[in-house]
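Colleague: predicted model, plus sequence, below.
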Amino acid sequence: MEVKKKDILTNMRPDITITHARGVHWAVSSGYGEAKPTVEADNNFMLCRDLMRVAIFCKDALDEYDMDGVLGLQVVGNTISFYVLTLPSSGLYLFYELATVMVPNSIRDLSKLVMDMPHLLLVLDAFHRLCQPSSEPHAAAFHRPTISQKIYHGLFSRSKDRSRSCHLNQR
């Protein structure tokens, strides 16, 4: 297994990794996610940082494995938000929210999952169509370097007020 030594930021590990297996060997990783317990649902600071981490994991996988897209997940309690990251043109990485689904926490609420089935089918369709190695690989000029750890930490304001809606610095 190869470990990147470029920056501490690239050595972070996600809570969730979706990796294809070829026989007994791991192939490409086509999805990444971060998870938080329900008690962190109101902690916008941590959720914002986690979502940025998911986007970075997806961007690095898209560049490294030359994928059409990479699936991102953010799990908070029993709520799952699905995202897909694509590279439609040179240097333009799109991170798009596909759906948000609440997983029932009891059998009594299982019927609610049936109501979310169209959203889950959309996610599965996007995953099967986009989250695979590209048939027409992007030129190296399309890719951009991943932000450094210093820039990543500078994106967030020093205030850790959990109730603020967005902790990104406006410049």
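Modeller: Structure received.

Colleague: point out where the chain drops to low pLDDT.
Modeller: When residues are selected by pLDDT under 70, those of the chain lie in 1-11, 157-171.

Colleague: what ranges do the strands span in it?
Modeller: Assigned by DSSP state E, the strands in the chain fall at 16-22, 25-36, 69-76, 79-89, 92-102.

Colleague: who's in contact with Pro145?
Modeller: The contact partners of Pro145, by Cβ atoms under 8 Å, 6 or more residues apart in numbering, come to none. Where C-beta positions appear, they are placed from N, C-alpha and C, glycine not excepted.

Colleague: measure it to Met52 for me?
Modeller: For Pro145, the distance to Met52 (Cβ to Cβ, to the nearest Å) stands at 16 Å.

Colleague: His25 too?
Modeller: 31 Å.

Colleague: quickly list what Thr100 is bridged to.
Modeller: Ser81 (DSSP bridges).

Colleague: residues touching it, list them.
Modeller: Thr79, Ile80, Ser81, Phe82, His119 are the contacts of Thr100 under Cβ under 8 Å, 6+ apart.

Colleague: so which of the residues you listed comes closest to Glu64?
Modeller: Closest to Glu64 out of the contacts of Thr100 is Phe82 (21.4 Å), distances taken as Cβ to Cβ.

Colleague: isn't that closest one up against Leu71?
Modeller: Yes - in this structure Phe82 lies within contact range of Leu71 using Cβ atoms under 8 Å: 6.8 Å.

Colleague: dump the residue contacts of the most centrally placed residue in the chain.
Modeller: The residue lying closest to the centre of the chain (Cα atoms, centre = their mean) is Gly72, at 2.7 Å. Neighbouring residues of Gly72 by Cβ under 8 Å, 6+ apart: Gly31, Tyr32, Gly33, Val54, Ala55, Phe57, Cys58, Phe82, Tyr83, Val84, Leu85, Phe95.
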